Structure formats: C-alpha cells, structure tokens
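Student: When you get a sec, could you give me coordinates for this:
(2 chains)
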Amino acid sequence: MSGERDDRQLISLAAALDPQAFAELVQRHQSRILNLAFRFSRDRQDAEELAQEIFFKVWRHARTFKGEAAFGTWLYRLAVNTCLNYRQRKKTRPDPLPLTGDIESGTETAAEGFAARQKEVLLDRGMAALPARQKMALILASFEGKSYEEIAGVMEISVPAVESLLFRARQNLVEILRPLKNSGDL
Amino acid sequence: MKMRCQNAKKNISLALDARLRPAELGRLQEHLRACPSCRSWQQEQDRLLEMIRTPRDVQPSPDFYPDLRQRIAVSRPRIFAFSPLAFRPAALRAALALVIVLSVLLGFFLGGRLETPAAGADAAVFNQTMNLNAYADMPAESFGAVYDSLLQGELQ
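Tutor: Residues are numbered from 1 along each chain as shown, chains lettered A, B, ... in the order given. Below you'll find the predicted structure:
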C-alpha cells in the first residue's frame, strides 16, 4: 500500500487546520477545477479567480464534509454552486468578433487562424448566451464526461431535470450559433 | 406509433450521451430516415459536440496556490467564521423546539392567569351593562333618559 493519503483523509486533516494536507488536496484537484471554471467562464482570468474562490470555500467549509457523499461530488457541488453564483454576480460581456481587417491578407495560415478564432469566439458567445444552469449541465456532460446521475447529484436536481436541461441547452445553442451554419462552419 | 419531431430531438440529445435504450434508438433512426429536418438537427448537434469537445485546457498559473494561501491568511480565522453550512438540520430542529417552548412560557407569563373567568362573573357584567334597565338611573332630560322613555313606551 502506498503512503499516499486519500481525499477523505486529506479533507479531515484540512478541517483540523493542517496546511500541508490542504496544499496536497489543492495540488490534486486544481487542474480539474480550473478547467471546469474556464469552460464555464470562457475567460482565463475569471477561471483562476473562480478556482481560487472554490478552494477558499473548501478550506472554510472543510468541517462540513461528513463523508456521506464522495469527496469529488462534494467538491464539484461546491464548484458548480460557486460558478452559478459567479455568473449571477458578474454578467460576462461577449467578446467582439474579430474583424477581417485584423488579419493580414494573402496568407493561408492567417486565414485559417482567423476562421478557427472566429469559430471559437462564436462558440464562446453561444455558451455565454446560454442560461447558467443549462450551460453547466452541458459542460458537465460534454466536457467532464459526467453521467446524468452524477450531474443530478452535483447540481442537486433529478435525472429527468438533467435530461431537460441538456436538451434545452443543445436546442438553444444551435439557434444561437446559426451564423456559423450560414457561413458553412457548422 | 410515429415519433414526433420534438420527441425525436429529445431522443437525439439522449443518444448523444448514450442514454437512449436500443428500442428507442431504433425508432429514432426510423424517424430520421424519413425526416430531413430532424436529420439536419442531428448533424448540427454532432458538429456542435465536436466543437465543444475540442480541448482548450488551461493550467494553473505559478501564483495560484501562493495567492490562495494569501487569501486564506488575510481572511477571518475559520473557527470564528460565520458559515451558513454550520446550520445543520439537527441544530435547527433543537433551536426551533427551544423557541416554541420559550414562546409558550412567555405566553403563560404575559397572560397573567391560566384559568378561565367564572361563568357567574360574566353573567353579572352582562346584566349590569346589557339589560334594558341600564338607562333607568340616567339624569332627567339626558339622552339616556329620553332613550329609556322611548324604550319603555315601545315596550308597553
């Protein structure tokens, strides 16, 4: 058996104000949480702020983890709630679409780069326009590969509600992204 | 039974997450063969999923953990921090029970007496104030006396 401590042990130690255990916990989960926040906020700086807030809450509320659910579920629940509240507090302004004059003409690489960037920005804009809960359900299902049962547990809703959120998210996203379809990219 | 387009789209969404049962999947495929609109919607969803899944992973900045430690250090000590999560159901139930008990005790205390008034006492008060002779002792020519004489006249 390795000397590695599991998440439950680490969170118990963090609850007892052990900074080393907390550091290990952060180290273990920071990448996943940061990427969840990044997919939600679509902004590098916002994502880092969100991830900091999430781990700050882990530290503050470590004592409330009683082990009824897996640590991962507890952490995701905290992360999802923080992201949803963050969205309510800070309405993101969609990035402007890059103008054709922004790239140098004549080079294929620049044109391809522009197309890829334009697609990315449109996707960002589409995701930003989705209601927060629909967006979160879509991220958890499509990016994080969570099952409907896991999403239901993390978002504290029923499985049929997850199905409904995902269907509406996909339906809305297609409508929002019609410009891509019209330009032949979608 | 023929599948409607709205149901077909819901099933496309489920199929994207491999949540559709084989029988439902068969019916969906049958519908898609006959419905160009739903077929187009499915293709849009496939491309969208591909776009969404394109990895754009980010890594924490070198300052991530030091900044977090700094934030924790400047925050109030955790043991004294107010936390809504500290309110657990058992504690809430105990607090509610205490409030009810204190309210009942306070009610008894402020009420001054716990027994109901005697029936005889109520009857005496009623007879003093509400019988027709209440105006009999009014000074002459007062409204009460005039009213009494009217009452007497009507009754006799």
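Student: Could you give the number of residues near residue 40?
Tutor: With no chain named, the answer covers chain A. Other residues near A:Phe40 come to 27 when the count uses other C-beta atoms under 10 Å in any protein chain shown. Using the backbone N, CA and C atoms, a C-beta is placed for each residue, glycine as well.
Student: let's do chain B instead
Tutor: Number of residues near B:Ser40 (other C-beta under 10 Å) recorded here: 13.
Student: what's near enough to touch it?
Tutor: Residues near B:Ser40 by C-beta atoms under 8 Å, 6 or more residues apart in numbering or on different chains: none.
Student: Helix, strand, or coil at it?
Tutor: helix (DSSP: H, G, I helix; E, B strand; the rest coil).
Student: Let me know the pLDDT of it.
Tutor: With respect to pLDDT, B:Ser40 has a value of 93.
Student: Over to B:Thr54?
Tutor: Reading off the model, B:Thr54 has pLDDT 71.
Student: Look up how far chain A lies from it.
Tutor: The gap separating B:Thr54 from chain A is 8 Å, by C-beta to the nearest C-beta, to the nearest Å.
Student: Show me the shaky parts of the chain.
Tutor: You didn't say which chain, so I picked chain A. Residues of chain A meeting the criterion pLDDT under 70: A:1-4, A:87-109, A:111-113, A:179-186.
Student: other chain: chain B
Tutor: Looking at chain B by pLDDT under 70, you get B:1-3, B:55, B:77-88, B:112-136, B:154-156.
Student: Show me the domain layout of the chain.
Tutor: In the absence of a named chain, this looks at chain A. A:1-92, A:108-186 (automatic domain parsing).
Student: Oops, wrong one, chain B.
Tutor: B:5-53, B:120-155.
Student: how close does B:Gln42 sit to A:Arg60?
Tutor: Between B:Gln42 and A:Arg60 the distance is 45 Å, computed by C-beta to C-beta, to the nearest Å.
Student: same question but for A:Glu163, I mixed them up
Tutor: In terms of C-beta to C-beta, A:Glu163 sits 34 Å off from A:Arg60.
Student: Over to A:Val154?
Tutor: Counting by C-beta to C-beta, the gap from A:Val154 to A:Arg60 is 19 Å.
Student: quick one, which of those two is more surrounded?
Tutor: Between A:Val154 and A:Arg60, counted using other C-beta under 10 Å, the more crowded position is A:Val154 (25 against 16).
Student: mind giving me a markdown table with the domains of chain A and columns for distance to B:Pro22?
Tutor: Formatted as a markdown table, the domains of chain A follow (distance: least, C-beta to C-beta, whole Å):
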| stretch | distance to B:Pro22 |
| --- | --- |
| domain A:1-92 | 30 |
| domain A:108-186 | 18 |
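Student: Using JSON lines, lay out these together with distance to chain B.
Tutor: JSON lines is the format used below for the domains of chain A (distance: least, C-beta to the nearest C-beta, whole Å):
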{"stretch": "domain A:1-92", "distance to chain B": "4"}
{"stretch": "domain A:108-186", "distance to chain B": "4"}
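Student: Out of the ones you listed, flag the one nearest B:Ala73.
Tutor: domain A:1-92 (10.1 Å; C-beta to C-beta).
Student: separation between the closest residue to A:Glu53 other than its chain neighbours and A:Ser41?
Tutor: Leaving aside its chain neighbours, A:Glu53 sits nearest to A:Thr82 (5.5 Å; criterion: C-beta to C-beta, 6 or more residues apart in numbering or on different chains). Per C-beta to C-beta, A:Thr82 is found 11 Å from A:Ser41.
Student: Pull up the overlap in contacts between the two.
Tutor: Both A:Thr82 and A:Ser41 are in contact with A:Leu50, where contact means C-beta under 8 Å, 6+ apart.
Student: Buried residues in whichever strand or helix holds B:Ala97, which are they?
Tutor: Assigned by DSSP states H and E, B:Ala97 belongs to helix B:89-111. Counting neighbours by 16 or more other C-beta atoms under 10 Å in any protein chain shown, one finds that helix B:89-111 has no buried residues.
Student: do that helix and chain A meet?
Tutor: No. Using C-beta under 8 Å from any C-beta of the partner chain, helix B:89-111 never reaches chain A; the gap is at least 11.9 Å.
Student: Just give the number of residues close to the closest residue to A:Gln27 other than its chain neighbours.
Tutor: Nearest residue to A:Gln27, sequence neighbours excluded (C-beta to C-beta, 6+ apart): B:Tyr65, at 7.5 Å. Using other C-beta under 10 Å, B:Tyr65 has 17 neighbouring residues.
Student: One more: B:Arg69?
Tutor: 15.
Student: any idea how far it is from chain A?
Tutor: For B:Arg69, the distance to chain A equals 8 Å [C-beta to the nearest C-beta].
Student: Where does that residue sit, in terms of helix or strand?
Tutor: helix B:64-74.
Student: Now that helix: buried residues?
Tutor: The neighbour-count check on helix B:64-74 (16+ other C-beta under 10 Å) flags B:Phe64, B:Tyr65, B:Leu68, B:Ile72 as buried.
Student: And for stretch A:127-144?
Tutor: A:127-128, A:130, A:133-143.
Student: now do stretch B:142-156
Tutor: For stretch B:142-156, using 16+ other C-beta under 10 Å, the buried residues are B:Asp148.
Student: wait, what's in contact with A:Phe167?
Tutor: B:Lys9, B:Lys10, B:Ser13, B:Leu14.
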